[in-house]
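S.K.: everything below, folded, please.
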Amino acid sequence: MRRDPVELEVFKNLFHSIAEEMGAALRRTAFSPNIKERRDYSCAVFDRMGEVIAMGDHMPVHLGSMPMSVRAAIASCELEPGDVVMLNDPFRGGTHLPDITLVAPVHVKSSRRTSHTAPDFYVASRAHHADVGGAYAGSMGLCREIYQEGFRIPPVKIMRAGMMQQDVLALLLHNVRTPEEREGDLGAQIAACHTGAERLREVCARYGIDRTRRAAQELLEYSEALMRAFLRQIPRGVYRAEDFLDNDGISDKPVKVCVSVSVGQRQATTVDFSGSDSQVEGSINAVEAITYSACFYVFRCLLVEDVPATAGLMRPIRVIAPEGTIVNARPPAAVAGGNVETSQRIVDVLLRALSHAIPGQIPAAASGTMNNFTIGGIDSRTGEPFAYYETIAGGMGARPTLPGVSGVHTHMTNSLNTPAEALEYAYPLRVRRYSLRPGSGGGGKHRGGNGIIREIEVLTDCEVTLLADRRTRGPWGLAGGAAGAPGMAIVIRTSGSVEEMPGKFSTRLQKGERIRIESPGGGGWGRAGEKQN
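M.R.: Next comes the predicted model:
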């Protein structure tokens, strides 16, 4: 039967608006600045087979990997009305331990439904919790195995038949530094799932369950068709590239990520990461869900903006990520940085490979790091523990026709900054400087965007951790453009001494001491002085 394009567009926007409204509910009701201000969360809608049919305009690193968490929840638990499954296990579809995912079934009311009827849809919310226990405040430290990184949660029901499972909740809250904030953020995620479920029932009540299911299936097929049409436009060939992470935080050895993109050799386009380095001792290991998510993001970005972001997009693309490597680590690898740093390098290497095939569509490298910054200690105002987490933006890579944007989160992160007012209100911290980093963008016909300078003074004794990259080599330029400036960090002691710090470290700061982070600029595009065609 021929698709009705008008109906397809209506349902595409209906499903997308549900995911967006879920995100709005989560943001409004969350407790932590990391979710309320930085918007470090994502929501999505899934069909009855667990295939994603709509994503909110949230965090790419969350969204591409979330379907694996949903499948793990479905496989592990029989989901009845009112149930909600919680998990964060990176080896079962998660990303890293601070990202907790909630999955809820949606049973549409029907006279045919029994208590064991399979769900008609699923909804899911994922949020980065500022602390989930472990050796370091903020759960983003230089660990050597996942057991040091925090509380690892397999798929378990946190709600049954609409009732909170107090024993499961207590087990989590007794293993984190900020239990009140964690409980509030989990409640916000539950509210988001409830909102999504109610809106799906309203859509089914208006259009009918069969029509709504058919539309979901057609959106999957439509996305697949659009991706196949795009891939046919790429010249046939094999396109290769490699790039490096500075180190794993334990040794100084660079860590290689390489890719081979084969277009037109077989029915499916193949993205092969064979040849990438083995998993490492430090915490920059990426799990399979992260690598898949990065591939989903890159190929989605190459399509026009209004293409439905569904599971159908990846049907024509085969991802090969060998087990035991930096792009598909196995337990008990530490993985906190794989989600935030290695995901960015996977994007970089994919774009670099594709620049050989479609140079007019590929930008130079962006800052290539999320600059994960955590501070923890005892808040002298309340006597209670606190854990502050944020990522610091950098420069966007220049594009074939435009310069890069300065001071912006790029690629696998889509978060905002923590406003100085919100940060100083919530934590015993003071923002001493917050500005663009002049001259950090790479030169060229189009300059890369500038990075950011963020300097914070601690008002109580604290533990400070930074998990960042692009410190030994700047983001690369394209078509003759220059590389962006590498990032740097310094600690300013109360004695006045200044200590230059590596990209990955943890240290103690005394009251009144400061840390300044300068993020990388983006790479330039084209040789300076070249005339515009």
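
S.K.: run a quick neighbour tally on D277.
M.R.: Residues lying near D277 (other CB atoms under 10 Å) number 17. From N, CA and C alone the C-beta is placed, and that goes for glycine too.

S.K.: mind listing what it touches?
M.R.: V255, K256, V257, T325, I326 (CB atoms under 8 Å, 6 or more residues apart in numbering).

S.K.: in the sheet, which residues pair with the first one? Tell me.
M.R.: Same thing as V255. L245 (DSSP bridges).

S.K.: that one: what's it in contact with?
M.R.: F244, L245, D246, N247, D248, D277, V280, I284, I326.

S.K.: nearest to I490, of those residues?
M.R.: Lowest distance from I490 to those (CB to CB) belongs to D246, with 17.0 Å.

S.K.: I'd say that closest one and R470 touch.
M.R.: Yes: D246 is within contact range of R470, at 7.1 Å (criterion: CB atoms under 8 Å).

S.K.: more neighbours: these two, which one.
M.R.: Neighbours were counted for D246 and for R470 using other CB under 10 Å; R470 has more, 31 against 24.

S.K.: tell me the SS of the more buried one?
M.R.: coil (DSSP: H, G, I helix; E, B strand; the rest coil).

S.K.: now do it, the pLDDT please.
M.R.: With respect to pLDDT, R470 scores 98.

S.K.: ok, the closest residue to P119 other than its chain neighbours - how many residues close by?
M.R.: Closest residue to P119 apart from its sequence neighbours, by CB to CB, 6 or more residues apart in numbering: P105 at 3.4 Å. Residues near P105, counting by other CB under 10 Å, number 26.

S.K.: is P105 located within a strand, as I assumed?
M.R.: Yes: assessed by three-state DSSP, P105 belongs to a strand.

S.K.: P235 - how many residues pack around it?
M.R.: 10.

S.K.: my guess is it meets A357, correct?
M.R.: Yes: counting by CB under 8 Å, A357 is a contact partner of P235 at 5.7 Å.

S.K.: quick one on the thing from earlier: report the set of residues contacting both of D246 and R470.
M.R.: In contact with both D246 and R470: G503, using CB under 8 Å, 6+ apart.

S.K.: now the residue nearest to N328 when sequence neighbours are not counted: how far from E51?
M.R.: Excluding the flanking residues, the one nearest N328 by CB to CB, 6+ apart is A321, at 4.0 Å. Distance, A321 to E51, by CB to CB, to the nearest Å: 20 Å.

S.K.: other SSEs contacting the worst-scoring helix or strand of the chain on mean pLDDT?
M.R.: For the chain, counting by mean pLDDT, DSSP states H and E, helix 60-63 ranks last in confidence among helices and strands (a mean of 84). Packing partners of helix 60-63 (3 or more CB pairs under 8 Å, 6 or more residues apart in numbering; DSSP states H and E): strand 41-47, helix 288-301.

S.K.: who does the helix or strand following the longest one pair up with?
M.R.: Read that as helix 288-301. Helices and strands here follow DSSP states H and E; after helix 288-301, the next one along the chain is strand 317-320. Using DSSP bridges, strand 317-320 pairs in its sheet with strand 269-272 (parallel).

S.K.: so, low pLDDT: which residues of the chain?
M.R.: 1-2, 110-116, 265-267, 530-533 (pLDDT under 70).

S.K.: which SS class is P322?
M.R.: Per three-state DSSP, P322 ends up coil.

S.K.: kindly apply the preceding question to C193 instead.
M.R.: Criterion first, three-state DSSP; result for C193: helix.

S.K.: show me what the closest residue to it other than its chain neighbours is bridged to.
M.R.: Excluding its sequence neighbours, the residue lying closest to C193 (CB to CB, 6+ apart) is A104, at 4.0 Å. Beta-bridge pairing of A104 under DSSP bridges involves V123.

S.K.: list the contacts of A104.
M.R.: Going by CB under 8 Å, 6+ apart, A104 touches L79, D83, V84, V85, Y122, V123, A124, C193, H194, G196, A197.

S.K.: let's see that with 10 Å instead.
M.R.: Residues in contact with A104 (CB atoms under 10 Å, 6 or more residues apart in numbering) are 73, 79, 81-85, 119, 121-125, 159, 189-190, 192-194, 196-197.

S.K.: also C258?
M.R.: 240-244, 272-277, 327, 349, 353.
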